[in-house]
Every structure is written in structure tokens, then in C-alpha cells.
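Student: how would this look folded up:
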Amino acid sequence: MSEPGQGRARGRGGRGRSRPQTADQPAPGQAPPPSQPLPPGAAGAAPPVGRGRARGVAARQAAAQQQQQQQQPQISQMQQQPQAQAEAAGAMVGGRGVQRGGGRERPSGNGGPPTAQMAGMSLGDSGDAPYRRRAPYERFVERQWKAPNISSKGAMGDKCNLITNYFPVTLPSEFKIYQYHVDFKPNIENVRVKFAMIANLSEAIGDTKLFDGGILYLARKLPADPSVFYAKRAYDGEQVQITFTFTCEVQSTSPQFLQISNILFKRVQGALKMKQIRDHYFNMGLSVQVSKHRLEVVPGFTTSIAKYEGGNLLGVDIIHKILRMDTVLDSLYDLYNSFNSNDISAFHNKAVKELVGSIVMTRFNNKTYRVDDIDWDKRPTSTFERKGEQISFADYYKQHWNISISDMNQPLLVTKPTDKDLRRGDQENLCLIPELCTITGLSEQARSDFNVMRDLAVHTRIGPDKRVATLEKFTRQINQDAEAQKILQPWHMKIAPIAARIPARQYPAEKLLMRDKSNKLTEISYNIREADWSRNMRNVFLLKAVYMENWMIVFPGKAQSNAAELSDCLNKVGSGMGMRIGHPTVVELPNDRNDSYLQAIRANLKDTVQMVVAVVMNNKKDRYDAIKKMCCIDHPVPSQVVMTKTLSKKQGLMSVATKIAIQMNCKMGGEVWGTNIPLKNFMVVGMDSYHDSSNKGQSVGAMVASLNKECTRYYSKTEYHPSKDELMRNLGVLFTGALRKYHEVNGSLPQKLFIYRDGVGDGQLAAVQESEIEQIRQACKNAAGEEYRPQLTFFVVKKRIATRLFYQENNQIINPQPGTIVDDFVTKSEWYDFFIVSQSVRQGTVTPTSFNVIKDESGLQADHLQKLTYKMTHLYFNWQGTVRVPAPCQYAHKLAFLQGQSLHREFSAHLADKLFYL
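Tutor: Take a look at the predicted model:
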């Protein structure tokens, strides 16, 4: 029976059991002599990284758990080890030593099918549908979302032409591709063995072929159908019968052609000496080191060939992979050296907190893994079983990768099997050596560092002219490179060297509603190129200003001058906006401890207080969270937290005070500006999700619904749902509350619902329609009975897309101006979709936002839906300009973020009709 702690090494290498620590190795948790440097893996030392996985079989896991229970007194004594490590140690049980990259079939015991074992397997009680492996080309089959006889093309706006990052992919009409289904007898499970046997049949079936493990594509038709061939299995010499059955001819309009095209294009990028990292290819030779911050920027491309209204198009965009120049071992040493004492437990806890959840890459094979734990008991000298023999992690890397491990006292990182691993029966954990791993991406500390982000932007924010030039250079290289053409020419596939030009339209600047000095409605406009109206607001009043006569300002003694200046500036800027701000109740604190703030707020808070302003010395998250919990849950009152750093620059203090005053006006139920929407009895709803940082496995779903014709007042509500599916489970309760609040404000229910749903992908569209739209229908019935059936229009909003749009002006390629609409060529014929460029960017290339209408009962034309969507991007009061998504979506994101990061439970209903989360 295998022992707990056994593991597996992976690097296209072996897997199997690792032996317990040998006697000559230092015991876990034991510090080295004072004369030696403290290695990370030892009691308080930092370790180098090797890779290995400990994945156990179900029976061995059960045995290990039973053994754990018998040894419970010993485990309870390991108080130094964090709980996450202890749990992982129990999960690390042994597996067999079969080479991952080898071509050997797994025996099934007596040679027959594992009927008994399969019968004993259970799907569990999760209620999820069983996994079905779909055909590789199925992901290119689009469901019909657009209703028949409905036009998704608009006509409003000035017509123009744009350049895209899409390149046409063509196949001659006379060229034919033949699809065959492949059967192996006896059946073969190992895909590598299948590929090897198909490769050996090149003389019979030809060299021009593509095989995906079950389907074979040929450039010529076989003489017989079915065609039967025989080949010998390499490792045991057994003869295998291979049968090819003709399925169909592949046309350039079929999803099979798209599958072929994408497979070939991956080979093309490999032929161009690019390296694959996860789903994308990168040019490692063009990487740039930002030595000042110990970071490396590696450029690459994201590519996909799909069917659009403009035909089969290759979408290409430039991406970057951020790598740390230091290894994980270096990070562990730095972390250990940052501790003043030899507190090993504190070091272990800090290391787990810093590294668990991060993505690391092993540079020798460019594979990435998620760190799930750290095994402080394992070392590179620990062994596992491979091909029936024991081998240490260090020896494995030396033999198979010619890599010498320098630090033999480092612990090992642990990554758990993915869902894909589990489906193929791979249940052991994988062990990685820190010395060989590099952390990818940026830490939260780096993201919040202005200097780091500024220096990285030099390499990652690429302007429109340079971006188009790089993309067209890439496609020209494909057409000129001999190795790339060897892959494409046998299939007669051609890729256009010039980016496609497409039709588009441009909207003029919107008119915004505010009030003049006599408190009458007035209109302001803005420069469409900048999409910013902060200057245009200087001589007008807010649309609805709330007088702030009773408010409180809380600050530590060190910030007394900052608080006084803020109060004076708020009074001055408020009068210029029609917002009367009185003198606050001043509460000075003896220190800036969390409890001091909470006690002061609690002691001075009265029912008449409209706003609590807290001036803080720094951005400590726990203090911010404590203040927000107090003011959003325990004692509901609008609140504003301001850092002294924000108030330190005297030159821009009036501008800062203006933005703070606008925020506070919104939080108290005021309205800043509006826009003219020529509809009646309608409600616009925004929905988004955010993973809760405290409640693991749970996401916050936020819904924000408009309450008036101008869409300047909102009702907000949240719920929790499992993170894995992103679908809101309690949406009916949220919508019922919103409809009742709308009726309370307007005296009637809305007859049209426009819902903008952010945070779901293309693969979830059917689930959204079946779940969330049905919940909304039921909420309408609950609110007003069976006869109430409002017209529903449901938009799916996507921000993270690869589509780029460029405008050519006077032989210069620039970003398209805000208000640009695209609803042709790069849209899908099965979808009711369009793109909007709503914002202006000063650096880099603007990214449009995609909108897909999966349900439309409004009876409005495409122009009206597009115009409404564009108008809604003007109504986010936290920014005096347009934003990427409709304002209710942005509000929903802000609310979900606040609850997921700071509150961790639902806020008070007293604040539901205020934008308290800005």
C-alpha cells in the first residue's frame, strides 16, 4: 500500500510513487546549523522548483484517508504546517509509473472491459449534467440566435470605412477535402499510439492528411469504402485493424473546414519558430526585459479562424505574456529573508498566501500550472516510481532534460489535476520544483504600482498604426516563409496579406441634460473625439442636487489640516454645482486604528446624518473594509473614504473635491446629468458577477435597474451563486424587488425591459436563456400576475474580445472616434450582434465592446437598440465621459466588486435605491 506523500513528476516524464524522506535528509521543520544559510524548504528556508505530480487512484485515496484517521494524533501535532498543506498531504497518494509521453496502453486487469469498476462509479449528487465530449468541430457550429425576418443592420449615423484585425481565408471551390471516420480493432485508447499508426500509413492514404484521434481528413478519396488497413503496434507487435469509413466532403463553409484551418495555423506558427504557451504562440526571441522591475515581456499573437458574415476570417491580435525574471525559489528566499525572526510557521503561512493561486511556467517546456499548495516535506531528492523503478526528481530532470538541480533542500510546489485530467482518470497531484518555475503575470502590489505599469505600458500598449503594421507583417511572413507554405499549400489554403476593410457608421455627440443657474433644464455637448465633458459642466448645475446639511467627517489628528481643506473645498465646489454643502460634524481621532474609526462613527451617527466622510492615512484594505461594513450593513448610511495622499496636492484639490462632491451627491440619491431617451414605460437593467474573495467557490451577482425615464435613478440588489457556472440562481427575487420599486416610484410597471448581462461567455448563452431569462419571466408573474408580460430584450455584453477596429485619416491609422458602430462583415449571420466604440483612449489601441441580442421582443429596429445602448454609455456618474459598457452594467460591476472584496454579505435594504457603492 502506498504511503501518504507519494507523488509524480511531470515534464513529459514519469509519474508514480515517491518515497518518504530518507534518513540523511533534514527532518521537516528542523532548522539548519547557524553557520549555514537557511534553505527555503527546510524549517524556514526557500526552495528551488522541480516538477512532479502526486495523483492517486480512488482506492488508494480511500486507503490513505483510512490510514490518516488511524494516525490522527500524529497529524494533530503538526501545528506549524498550514491547514492547506495538511489537507494536500493527505491527498498525495501514489500512482503507477507510466511515462506520460509514452505509447503504452493501460491494461485493464484481466484484459476485459472494467465492467465492475464502471458500475461502481457514481456521478455524485451535484446535480450537474454528465460530461459529454463533443466533436472537435462542434465548437465552430453556431446556434441561431437571430429571429427569422429580423434585420440586425442599422442605418443611422455617418457612413465610413474601417480597418480590422481580420484577414480573409480562402479555399478554391474545385479543391475537395474528404472526411473519414476511423476505427481501431482492438480498440486503442492512447491518442499518441493512434497518431503513430496513422502516420505509418502515409504510403496508402497520402502525406496530406489531418487526424484528430477519431476523424481523418484527406486531400484525396480512398478507392474503397470502407477501406481496411493493418498496422503493428510498436510496443508489443500486435496487429491492429484500422478501418476508414467515408463520412462527407468538406466544404469551405462547413465547420470541419474551420477545424482544419485552425489546426494548420497552429502548425504554421510552430514553423515560424514560435513557442506555444497554453492556447497562444509567443516569439521568445523578441522578449524584452524590464530589468528595473525584474520582469520580462514576451510578445505573441492570439489567432482564430471562424466564420463571419464576411466569410472565413483569420482574427489576429498582439498579446503579451508577463514573466518574472526571478524563479519561485528566488521569491521564497526573498520572502524568508524579509522575516526578522526564525518564525518558520509565519514564513510557511506567508509563502502559501503569496504563491497559492498563482500561475507558474516551467521554461524548459513552456508549460503553465496553477499552484495549489506547497509540500514542505518533499525535496528534489524524494523519489517516485517510473517504469517500475524508483527515481528521484533531481535524477529525472538530469536524465530527461539535462537540468541539474542546485538546491536539494527546497520544498515542492503542488498543483491539483484539472477537470480534463480527472476525466481521463488522472487523479494524482503534480509536484513542481521552485527552481525551475517562473511566476507569470503581475502581483497585486505590482498592479497598484504606477511606475511598474507605466514602464510596462511602453511595451504592451501599442498604437493603431504600429499594430496594423505588425499584423500585416505577420501575415506577409506566413505567405513568404517556405516552411509555412509547405503546411498550407497541400491544402490549397490562402491567407490574405492585407487586413480587411469593412463598412461602419459614426454617431454624433449626444446632448446631455443638466440645469442652468436658474434651475431650468439645459443641454450640454462635448468634443466627440475626446468624449469628455468635465469642462462643459463648469457653468451648469447638477440635474438633481441633494443639499448636504448634516454630515460627519472623521479623521486622525495627523490629517486635521487635510480634513479642514477638504471641507472648505467641498463647500466651494458644491455651490458652483447647485449643491449646498453645510459645515460638518468634526470628529478627530487619537490614532488611525480601525476600532477608533468604528467607535467614532457609531458614537456620532444619528438618524439625520446624510453622509459619513472618513479621511485615512493610507489604503489599508482591512480599515476600508471595516468602515464600509459599518456604513453599508450595521448602520446603513452613505459613506466616502478619502486618502490623505489624494488631498496632498494643493494645485488639483478643487478638481478632486468636485469629483468627490459628485460622488456624494449620487450616494445620497442625487442625479448628475441625463440624456434624452425617446421611450416610455421602460426599465434598463445591468447585471454582472464577481468572485467573492472571502467566500470561496461563491460569486456575487449584482443587478442594477433604472427607476425613471432618464435612467438616472437606480435600484440595486445582490445575490450569491456558485462560481463555477456564473449563472445567477436567485435572479427572480432581485427582479421582483426591482419591479415593485419601479411601481412605487412611477405608479405603473414597465412595459419594456432592456437587460444588459455582463460576465458570461459564448458557451453559456443557452444556459443564460434557459435559466436567467426564465427567472425574469417568473419574477414578472410574481410581481403582477399571469397577465403581466413585458417585452423583453436581452443583451449579452462582452469586453474581453480580440476584435480591433482602426480608422484611416490622411494616410494615418488612428483609433475610431467614440460613437462608431459596426454591424456587418465581422459579425455572425446567426447572431443579432454589433460592436460599439464608445470611449476615447489616449494610449494604445481602443477595444470595442460586443453586444449580442439573444432575445428581442421590443419591436424596435436595430438602429433604436444600438442608439439606446450608446446613450447608456453616457450615464455612468463616476466618470465625466463615456464608458465601455452601458452604465447599469458598470454600476453592477462596482456593486459586485464592493460586496465581493469588502462586505462579503448583502448590504442593507435602506441603501438599495442609492448609488452608495461609487
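
Student: what sits up against stretch 765-777?
Tutor: If you take Cβ atoms under 8 Å, 6 or more residues apart in numbering as the criterion, stretch 765-777 is touched by 143, 145, 687, 725, 727-729, 731-732, 735, 753, 755, 757, 760, 789, 792, 794, 796, 852, 854-855. All C-beta atoms are positioned from the backbone trio N, CA, C, and that covers glycine.

Student: Which of these fall within strands?
Tutor: 687, 753, 755, 757, 792, 794, 796, 852, 854, 855 (DSSP state E).

Student: Where neighbours are concerned, which of the residues you listed has the most?
Tutor: residue 687 (28 neighbours; other Cβ atoms under 10 Å).

Student: In this structure it contacts residue 886, no?
Tutor: No - when contacts are counted by Cβ atoms under 8 Å, residue 687 is not listed as touching residue 886 (10.8 Å).

Student: residues of stretch 388-408 that come out buried?
Tutor: By 16 or more other Cβ atoms under 10 Å, the buried positions in stretch 388-408 come out as 391-397, 400-401, 403, 405, 407-408.

Student: need the contact list for residue 745.
Tutor: Per Cβ under 8 Å, 6+ apart, neighbours of residue 745: 707, 708, 713.

Student: What is the nearest of these to residue 501?
Tutor: residue 708 (42.4 Å; Cβ to Cβ).

Student: and the residue nearest to the closest one when sequence neighbours are not counted, how far is that from residue 605?
Tutor: Spatial nearest neighbour of residue 708, excluding adjacent residues (Cβ to Cβ, 6 or more residues apart in numbering): residue 745 at 6.8 Å. Distance, residue 745 to residue 605, using Cβ to Cβ, to the nearest Å: 27 Å.

Student: Run through the helices of the stretch 751-900 of the chain in chain order.
Tutor: Secondary structure of the stretch 751-900 of the chain (DSSP state H, counting those that start in this stretch): helices at 765-784, 862-872, 887-898.

Student: Might one say that residue 637 is in contact with residue 627?
Tutor: No - contact status for residue 637 versus residue 627: not in contact, 11.0 Å apart, counting by Cβ under 8 Å.

Student: where do the strands sit along the stretch 151-300 of the chain?
Tutor: 158-164, 166-170, 177-185, 209-211, 215-218, 227-232, 239-250, 275-277, 280-282, 288-290, 295-308 (DSSP state E, counting those that start in this stretch).

Student: Save those as TSV, and put in mean pLDDT and mean neighbour count too.
Tutor: Formatted as TSV, the strands of the stretch 151-300 of the chain follow (pLDDT from 0 to 100; neighbours: other Cβ atoms under 10 Å):
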stretch	mean pLDDT	mean neighbour count
strand 158-164	95	17
strand 166-170	94	21
strand 177-185	91	17
strand 209-211	88	18
strand 215-218	90	20
strand 227-232	88	14
strand 239-250	91	16
strand 275-277	89	17
strand 280-282	91	20
strand 288-290	89	14
strand 295-308	93	20
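
Student: follow-up on the earlier one: quick one: common contacting residues for residue 687 and residue 886?
Tutor: Shared contacts of residue 687 and residue 886, counting by Cβ under 8 Å, 6+ apart, come down to residue 756.

Student: Tell me how many other residues crowd the closest residue in space to residue 646 that isn't next to it in sequence.
Tutor: Excluding the flanking residues, the one nearest residue 646 by Cβ to Cβ, 6+ apart is residue 656, at 5.9 Å. Residue 656 is flanked by 17 other residues according to other Cβ under 10 Å.
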